[in-house]
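J.: How does the following fold in three dimensions:
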Amino acid sequence: MLSGTENCSTMKANSDLQKHNQGESVDNELPEVSSQDRSKNVCQSETKPANNEQLSHSNNSNQSDILKVEEVTLNSPAYIKNNSIDELLQKVSYQQNVIEQNTDTIRFIEEKCAKLETFRKDIEHKLETAIKQKDAAIKEKENIVIRYAVGENNVLKERQQKEQAEKKYKDLHKEYELLQHKLQTMISEKSRICQMLDNKCYEYKNVQLEFDKAKQDLNNLETKLKWNQNSLKNEIEAHREIQARADALNAKVQDSVNQIEAAKKSAEETVKNFMTSQENRAYVLDQQVKEQQATLILLRHEKSDKDQHVKSLQSELERLQSKHKEIIEENNNLSLKVQHLERERLENEQKLSELRGYQDLQRQDAANLQTKNVQFEQVKLQLKHEEEQLQAANEQIERLKERNQEIESDMDSCRVREAELLVFTQQLTDKNVRLQSEFTAVETKVQQLSCEQTVLKRQLKEHETRISILNSTLEQERSKNATESESLTKNLKETQNKLDVALRDVADQQGENLVMKRKFDLSMREVNKELHHCRRKLEHYEAGDSSTNSSNSSSSLNVNGHAQNLCDTEHVKVIQPEPTIDKQTLIEHIVKLQRISAKKSEKIDFLEEHVNNLVSEIQKKTKLLQGYVLREQAGTLSSNSMDNNKAQLAKLNGVMASLYSSRVCDQNLTLELSLDINRKLQAVLEDALLKNITLKENVDTLGAEIDRLNQILKK
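T.: Alright, predicted model coming up:
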């Protein structure tokens, strides 16, 4: 590799020196150097100092060779005789032209260096602005991607809220329908219960009226019964009093009867005793009899009174007995009535108990109806509450519908914005690709320009050194030229006189030269004829045996050698030594040119093989890089800023954090949401891959176009 680069550098140095020696302009040199060496300056940046040393060494060697040739040519007697003054003048003019060209090239190189410096500064400024624009575009792209992801997350959340609201709306609608059905059933049940309640109330009023009537009748019967009981009690008490009086009178009558019987017995006993007694007792007995008679009269009176009283009592008793019988009959009737009333009372009590049970049932029904009414009121309130909730739900549904419409409008605007952002991202990617291509082109250009600048700086230094050397040589040459011009001005007058003589000699020599040329042509023809004759003889001898051929060929070669030697001696005798020197120089020059062409062909073959090897190595490396890039994950080729942004997003709680990390950070993240996000990210990835493929194709086309333009510039 180093030998190839050194050979290339030596070839370039030789070509540059030949161009300088031939007097070509530097304007044509610099584009060729820049166009031919742009691809080589990058790889040869390390070998430039050695190449420059070799170039300077080759320049010095070439200059020394040229000076030697010039000295040889100057020292040759023919040159001194023929062209001494012209050659000196041409040399002086040539040196002045070379100095002027060198000064012009130095000025041009300085101007070119200044222009390249300004161009480099402009390119560096443009590069800095392009890098800043690229960083800003990358940041803006990342921000747009983040905003897009946040917008997509908000859209997904809004969509999920919309679905939840729709589910709630459907559930509330179902509940509303169920409540409507329940309300209708409750209204029908309420109407039926109200009808039953009205019927029961009507029946209750009728039963209440009957109960009031029965109660009133019962009260009347109770008052009658109480009055009859009171009257019965009074009569029983009166009967008891009469019975007691009758018993007392009977007791008194019995006592009086007993007393009368006792008095009769005592009187009979007294009579008996009186009769039995003596005279003493007669008076007493008479008095006792009188007393007894008086008492008997009194008793008789009392007895008559008592008999009258007894009769009155008996009549009263009879009357009372009749009255008692009447009362008993009336009592029997009343007892019958009481029994009947008791039965009626029992029946009424039974009816009352039934009515009370019915009343209890009615009360229970009324309580049930009241509870049902309360429940109905509660259901009414619940229904009102449900209606309010339904109205609120309807309002919420309307709000959700409005919000859904707003979300749909936002989604439409987001879609439009997404399309705009996609267009903007496409424009950004195109601009980014363009900027990257420009950046790469500018980088390559900057590298080339930096290499060219280094080369030009080195060349400038070399030119400065050469200029200093040339200035020193120029001063020396000027001093020499001044001395030579003085000597030449002195010699010029001498040579002018000699020149006339020399012109005459030149005319004579030209005539002699024409004669010598003709003789040389004739001798060359004879030599060619002899060569053809020798070739034929050689072909004839080659048809024979090998031994005879070898001997014959040796003898023929000896003969030919003698003939050629004779011819040469004849030519030497005939021709002057100058044409033989010209022929040898021509042959040597041809040999040198053949060697140079062989070296160049070898170098060209080596460079072609080297270029083919480099191309194959580059293709292998590109294949390896493509395989490595395809094997690697998508995140490994991303920048550090993207990894930092992902880490910052993973620290936060959200959908993107759960996506960038291997754990669930957001509780709202469901399987459907993650699948939807993965689908969208896959679509974005496919779009990015398509864009990258198109960008790669565009970059390839740009590279091909740049190569074509470089080839055109090289041509």
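
J.: From now on I want contacts and neighbour counts done on CA atoms only, so please keep to that.
T.: Fine.

J.: How about the contacts made by Leu435?
T.: Ala130, Lys134 (Cα atoms under 8 Å, 6 or more residues apart in numbering).

J.: pLDDT wise, what is it at?
T.: Looking at Leu435, its pLDDT is 70.

J.: And it, how far from Asn710?
T.: According to Cα to Cα, to the nearest Å, Leu435 stands 20 Å off from Asn710.

J.: cool, Thr670 as well?
T.: With the distance defined as Cα to Cα, Thr670 ends up 57 Å from Asn710.

J.: Same check on Ala251?
T.: For Ala251, the distance to Asn710 equals 178 Å [Cα to Cα].

J.: what's the answer for Leu218, then?
T.: Taking Cα to Cα, one finds Leu218 at 137 Å from Asn710.

J.: Which of those two has more residues huddled nearby?
T.: Neighbours per residue, other Cα atoms under 10 Å: of Leu218 and Asn710, the larger number sits with Leu218, 19 against 15.

J.: Just give the number of residues close to the nearest residue to that one once chain neighbours are set aside.
T.: Leaving out its chain neighbours, the residue that sits closest to Leu218 by Cα to Cα, 6 or more residues apart in numbering is Arg345, at 7.2 Å. Neighbourhood size, Arg345 [other Cα under 10 Å]: 19.

J.: Could I get the phi/psi values of Arg345?
T.: When read as degrees, to the nearest 10, the backbone of Arg345 gives phi -60, psi -40.

J.: Thought Asn220 was touching it, still the case?
T.: No - taking contacts as Cα atoms under 8 Å, Arg345 lies outside contact range of Asn220: 11.5 Å.

J.: For Ile618, see how far away Asp412 is.
T.: When Asp412 is compared with Ile618 (using Cα to Cα), they lie 50 Å apart.

J.: Can you check the pLDDT for Ser487?
T.: Looking at Ser487, the pLDDT reads 70.

J.: now Leu285
T.: pLDDT, Leu285: 61.

J.: Also the one 5 residues further on?
T.: What the model reports for Lys290 is a pLDDT of 74.

J.: How many residues are close by it?
T.: 13.

J.: Please identify which helix or strand holds it.
T.: In this assignment (DSSP states H and E), Lys290 forms part of helix 279-542.

J.: One more: Gln711?
T.: Here Gln711 sits within helix 671-714, counting by DSSP H and E.

J.: Check which helices and strands that helix sits against.
T.: Using 3 or more Cα pairs under 8 Å, 6 or more residues apart in numbering; DSSP states H and E, the elements in contact with helix 671-714 are helix 26-43, helix 279-542.

J.: can you tell me which of these the model trusts least?
T.: Taking the mean pLDDT of these, helix 26-43 comes last: a mean of 39.

J.: got the domain boundaries for this protein?
T.: 160-411, 584-631 (automatic domain parsing).

J.: All the helices of the stretch 51-200 of the chain, residue numbers only.
T.: Under the criterion DSSP state H, counting those that start in this stretch, helices of the stretch 51-200 of the chain are mapped to 77-276.

J.: Report the residue spans of it with pLDDT below the cut-off.
T.: 51-86, 88 (pLDDT under 70).

J.: before we move on, back to that, now the helix holding Lys290 against helix 671-714, angle please.
T.: On the basis of axes from the mean of the first three to the mean of the last three Cα atoms, to 10 degrees, helix 279-542 is oriented at 20 degrees to helix 671-714.

J.: before we move on, the earlier item: of all the domains of the chain, which lies closest to Lys529?
T.: Proximity to Lys529, assessed across the domains of the chain by Cα to Cα, is greatest for domain 584-631 (20.7 Å).

J.: mean confidence score for the closest one?
T.: Domain 584-631 comes out at a mean pLDDT of 75.

J.: One more: stretch 697-714?
T.: What stretch 697-714 shows for mean pLDDT is 79.

J.: Which positions within it qualify as buried?
T.: Asn698, Val699 (16 or more other Cα atoms under 10 Å).

J.: same deal with stretch 180-187?
T.: For stretch 180-187, the neighbour count (16+ other Cα under 10 Å) marks Lys182, Leu183, Met186 as buried.

J.: same question, stretch 336-349
T.: Under 16+ other Cα under 10 Å, the buried positions of stretch 336-349 are Val338, Leu341, Glu342, Glu344, Arg345, Asn348, Glu349.

J.: quick check, nearest of the residues you listed to Gln133?
T.: For the buried residues of stretch 336-349, the nearest to Gln133 is Glu349 (111.5 Å; Cα to Cα).

J.: What separation is there between the closest one and Arg356?
T.: Distance from Glu349 to Arg356, by Cα to Cα: 9 Å.

J.: cool, Glu87 as well?
T.: 165 Å.

J.: Show residues contacting stretch 322-340.
T.: Outside stretch 322-340, the residues that touch it by Cα under 8 Å, 6+ apart are Leu225, Asn228, Leu232, Glu235, His239.

J.: If we only consider those residues, which is nearest to Glu608?
T.: For the contacts of stretch 322-340, the closest approach to Glu608 (Cα to Cα) belongs to Leu225, at 154.0 Å.

J.: quick one: pLDDT of the closest one?
T.: For Leu225, the model assigns a pLDDT of 71.

J.: That one: how many residues sit nearby?
T.: If you count neighbours by other Cα under 10 Å, Leu225 ends up with 20.

J.: now do the one 4 residues further on
T.: Applying other Cα under 10 Å, we find 18 other residues in the vicinity of Gln229.

J.: pLDDT score for it?
T.: 73.
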